[in-house]
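**Student:** task: produce atomic coordinates for the following.
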Amino acid sequence: MKKYTKLGLAVSVAGASALALAGYSSADSAHRALPDASIAQRVDVTSVNYPLESYRLDADQEKKIVQAIDELTVRCMKDFGITYKPVPSTGDGGLESSHKHLYGVTDEEEARKYGYGNPDLGKEIEKQSTGETSEELAVRIGEVSTYNGKAVPENGCQGQASKQVFREQSPEQSEAFTDELILQASAQTQRDPRVREVFQKWNACMKKKGFTYSTPLEALDDSEFASPSATKHEKNVAVADAQCKKKNNVTGVWSSVEMAYQNQAIGDNSARLASVRASLQKNLQSAARINK
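**Tutor:** You can find the predicted model right below:
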């Protein structure tokens, strides 16, 4: 799908699977009071800091981790007489980039040009080739056990590098747990009566413009809009979507309620999240030593 695939957007089939793995079900919160949410007026969330994001690496931190893994991979490959040149990291990352399409299309002018397509995808630099041979690739990712008579590390040079950077992290301390909580909060948000009410207002607004979608997610996931190039109809729907979101403060309600559920998740999982954060800091310290 050409649409936006950021955490916090629709809980797709993949997201639902993650929730199942996390042991979450709607019954878990059936009798729990709704979390308090101070509803903000927002057209977009490009500058919004979500509570659970402090338990994940940001774009700059991720680059430092990747840089460290690349550096160790280069050293390992050199031991086998191979000159490895990592592919440079692409994309500007950052808060604005990661949040721009968190709730689908919100920019009317962008919708008029691209429909539900993500224009940022077209700005990405094409992945450069590492220039390595198939034999060298096998050493890097561990598809061979030996190379020129020398034992290749388990999972290859890159796997060994990752293990060295993340050596002190257990699966329970991984930010994957944070991602599960983000998906859980997203699912809870979409069932919340405050969000359902604003979706109904959005639905009524769309009907007046001639479009019959129940929710913004239904419009976003319309299979008719799956092709890379947006049709005139898709652009018209996307423009109406953005207009109806703005008119009814859909993004403001949606994001405010989602933040409330994230705060609730932090309260429920404070000890484990503290462990996740401590583990991430250790990984960054490890990366900093390598990147000197």
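
**Student:** show me the strands in the stretch 101-250 of the chain, by range?
**Tutor:** Ranges of strands within the stretch 101-250 of the chain are 146-147, 150-151, based on DSSP state E, counting those that start in this stretch.

**Student:** could those be laid out in TSV, adding mean neighbour count and mean pLDDT?
**Tutor:** Any C-beta I mention is one placed from the backbone N, CA and C, and that applies to glycine too. Shown next, in TSV, are the strands of the stretch 101-250 of the chain (neighbours: other C-beta atoms under 10 Å; pLDDT from 0 to 100):
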stretch	mean neighbour count	mean pLDDT
strand 146-147	14	97
strand 150-151	10	97
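
**Student:** mind putting those into TSV with distance to Phe80?
**Tutor:** Shown next, in TSV, are the strands of the stretch 101-250 of the chain (distance: least, C-beta to C-beta, whole Å):
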stretch	distance to Phe80
strand 146-147	5
strand 150-151	6
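
**Student:** of those, which is nearest Asp60?
**Tutor:** Evaluated with C-beta to C-beta, the strands of the stretch 101-250 of the chain place strand 146-147 nearest to Asp60, the distance being 34.5 Å.

**Student:** need the contact list for the nearest residue to Ser162 once chain neighbours are set aside.
**Tutor:** Among residues not flanking Ser162 along the chain, Ile69 sits closest, at 5.5 Å (C-beta to C-beta, 6 or more residues apart in numbering). Listed by C-beta atoms under 8 Å, 6 or more residues apart in numbering, the contact set of Ile69 reads 158, 161-162, 165.

**Student:** Ala37 and Val257 touch, don't they?
**Tutor:** Yes - if you go by C-beta atoms under 8 Å, Ala37 and Val257 touch, sitting 4.8 Å apart.

**Student:** okay, now Asn283: neighbour count?
**Tutor:** Neighbour count for Asn283, taken as other C-beta atoms under 10 Å: 22.

**Student:** what mean pLDDT does the helix or strand that contains it have?
**Tutor:** According to DSSP states H and E, Asn283 maps onto helix 270-290. Average pLDDT, helix 270-290: 94.

**Student:** how close does the residue lying closest to Thr146 once chain neighbours are set aside sit to Gln281?
**Tutor:** Of all residues not flanking Thr146 in the chain, Val152 sits nearest, at 6.0 Å (C-beta to C-beta, 6+ apart). Val152 is 31 Å from Gln281, where distance means C-beta to C-beta, to the nearest Å.

**Student:** how about His99?
**Tutor:** From His99 to Gln281 the distance is 23 Å (C-beta to C-beta).

**Student:** neighbour count winner among the two?
**Tutor:** Here His99 and Gln281 are compared on neighbour count by other C-beta under 10 Å; more neighbours surround His99, at 20 against 11.

**Student:** contacting residues around the more buried one?
**Tutor:** 6, 44-48.

**Student:** can you check Asp107 too?
**Tutor:** 44, 242.

**Student:** gap between it and Lys246?
**Tutor:** 10 Å.

**Student:** again with Gly159
**Tutor:** 47 Å.

**Student:** do the same with Glu154
**Tutor:** Glu154 is 53 Å from Lys246, by C-beta to C-beta.

**Student:** and Tyr116, by the same measure?
**Tutor:** 16 Å.

**Student:** and these two? Which one has more around it.
**Tutor:** More neighbours surround Tyr116 than the other of Tyr116 and Lys246, with 25 against 18 (other C-beta under 10 Å).

**Student:** so what pLDDT did the more buried one get?
**Tutor:** Tyr116 is given a pLDDT of 92.

**Student:** thought His233 was touching it, still the case?
**Tutor:** No - counting by C-beta under 8 Å, Tyr116 stays clear of His233, with 11.1 Å between them.

**Student:** circling back: show me the residues around the residue nearest to Thr146 that make contact.
**Tutor:** Val152 neighbours (C-beta under 8 Å, 6+ apart): 80, 138-139, 142, 144-146.

**Student:** more neighbours: Ala37 and Val257, which one.
**Tutor:** Val257 (23 against 19).

**Student:** quick one: Val152 and Val74, what's the gap?
**Tutor:** Val152 sits 15 Å away from Val74, going by C-beta to C-beta.

**Student:** nope, Glu62 is what I meant
**Tutor:** Distance from Glu62 to Val74, by C-beta to C-beta: 19 Å.

**Student:** could you do Ser256 as well?
**Tutor:** Distance of Ser256 to Val74, computed by C-beta to C-beta: 46 Å.
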